[in-house]
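[1] no FASTA, just this:
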């Protein structure tokens, strides 16, 4: 582990600031992308943000694969109903949990969700679009096999990333009054 | 559900912009707070950000309690080893999952993690500090009982929020090279 964190985004990939609170409210699931490539530096910036998610006991159970290769994306695409998103995205990030460092099923899965949310927010902050694909978990073992990864790595999600080719309408949200169950 | 989202933070509680990518890297777990109160408007802004987390099938399983009351916080504090954090924070947010809208244990727990991360990031964006408390899950039923909530609500975490009384050193993070298990 490194003791000295990189505290600022890589200026080489970082075009314009986006406000944090505004970013939390304007992130959307983007499923259609232009043909413009995503650079490796952009992917690393996204993963760096993921790595700063909080985790119980600071166990940092997240592991990432980076799939630019079109043939590999084509093979992944066959493993989910949402294969078109994976084929159409210039890069996909299969996200795994390392079962060997887990300590509490529920809390570790929550940490993975925090990590994935950071990935999505970082993509948004870089002017990219991304979507969290979960249906492919039904093919978790096949995804691991296709990537030649060991059995301790369990698929948690695939995040598809690219340059947005669509303006996404916000899906409806429950009103806060419906979400607050008690105030004291 | 409301169809038209509020897309911008409430200007009444929002002091200065913070960059999204920088916010993702500089959020820290803050456990010591000053006596300065957190306003209800700030709490609602934090919860609003949580409500914009992504969820599978858009089921939005998160529910929130808001606990300002010192006696109630004192009672909650007795249910965890980290009670001092709860007593010292001007407000605590017990976060629940509504088991009646769940569709997939792992994916719903991940969504809850994404929501909790949004809460923490929003607090950071508002110039506040917050910490995700998970150890109290061992007392989930007692927390629900203490707040008089129905059995379909299961405690997922308590988030303590306040004005930071300490500068938190970043805990070490695994290097990206350790986290990337495949690149193709």
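    Ah, there it is. If you're wondering where the values come from, they're calculated on a predicted model, not measured in any experiment. Numbers count the residues shown, from 1 in each chain, chains lettered A, B, ... in the order given.
[2] Report how many residues lie close to the nearest residue to residue A:41 once chain neighbours are set aside.
    Beyond its immediate neighbours in the sequence, the residue positioned closest to residue A:41 (Cβ to Cβ, 6 or more residues apart in numbering or on different chains) is residue A:13, lying 4.4 Å away. Where C-beta positions appear, they are placed from N, C-alpha and C, glycine not excepted. Residues within reach of residue A:13, counting by other Cβ atoms under 10 Å in any protein chain shown, total 19.
[3] so residue A:13 sits in a helix?
    No - looking at residue A:13 with DSSP: H, G, I helix; E, B strand; the rest coil, it is coil, so not inside a helix.
[4] List the buried residues of stretch A:124-139.
    For stretch A:124-139, burial by neighbour count (16 or more other Cβ atoms under 10 Å in any protein chain shown) applies to A:124-126, A:128-134, A:136-137, A:139.
[5] Tell me where chain A has strands.
    Ranges of strands in chain A, per DSSP state E, are A:62-66, A:91-98, A:129-133, A:153-162, A:180-183.
[6] Put together CSV for these, with mean pLDDT and distance to chain B on each row.
    Listed next are those as CSV, based on pLDDT from 0 to 100; distance: least, Cβ to the nearest Cβ, whole Å:
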stretch, mean pLDDT, distance to chain B
strand A:62-66, 98, 4
strand A:91-98, 98, 7
strand A:129-133, 98, 6
strand A:153-162, 98, 6
strand A:180-183, 98, 4
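[7] start to end distance for stretch A:130-143?
    Distance across stretch A:130-143, first residue to last, is 20 Å (Cα to Cα, to the nearest Å).
[8] what sits up against that stretch?
    For stretch A:130-143, the external contacting residues (Cβ atoms under 8 Å, 6 or more residues apart in numbering or on different chains) are A:29-31, A:46, A:76, A:79-82, A:85-86, A:94, A:116, A:119-120, A:123-124, A:154-162, B:54, B:56, B:104, B:106-107, B:110.
[9] what number of residues lie near whichever residue of chain A sits closest to chain B?
    Closest residue of chain A to chain B, Cβ to the nearest Cβ: residue A:113 (2.8 Å). Residue A:113: 29 surrounding residues under other Cβ under 10 Å.
[10] Not counting sequence-adjacent ones, nearest residue to it?
    What sits nearest to residue A:113 in space, not counting adjacent residues and going by Cβ to Cβ, 6+ apart, is residue B:113, at 2.8 Å.
[11] That neighbour against residue A:108, yeah?
    No - the pair residue B:113 / residue A:108 is not scored as a contact, 9.2 Å apart, by Cβ atoms under 8 Å.
[12] measure the residue nearest to residue A:41 to residue B:20 for me?
    Taking Cβ to Cβ, to the nearest Å as the measure, residue A:13 and residue B:20 are separated by 14 Å.
[13] what's the answer for residue A:107, then?
    Distance, residue A:107 to residue B:20, using Cβ to Cβ: 26 Å.
[14] With residue A:143 instead?
    Distance from residue A:143 to residue B:20, by Cβ to Cβ: 29 Å.
[15] Which of residue A:107 and residue B:20 has more residues huddled nearby?
    Comparing residue A:107 with residue B:20 by other Cβ under 10 Å, the one with more neighbours is residue B:20, at 26 against 23.
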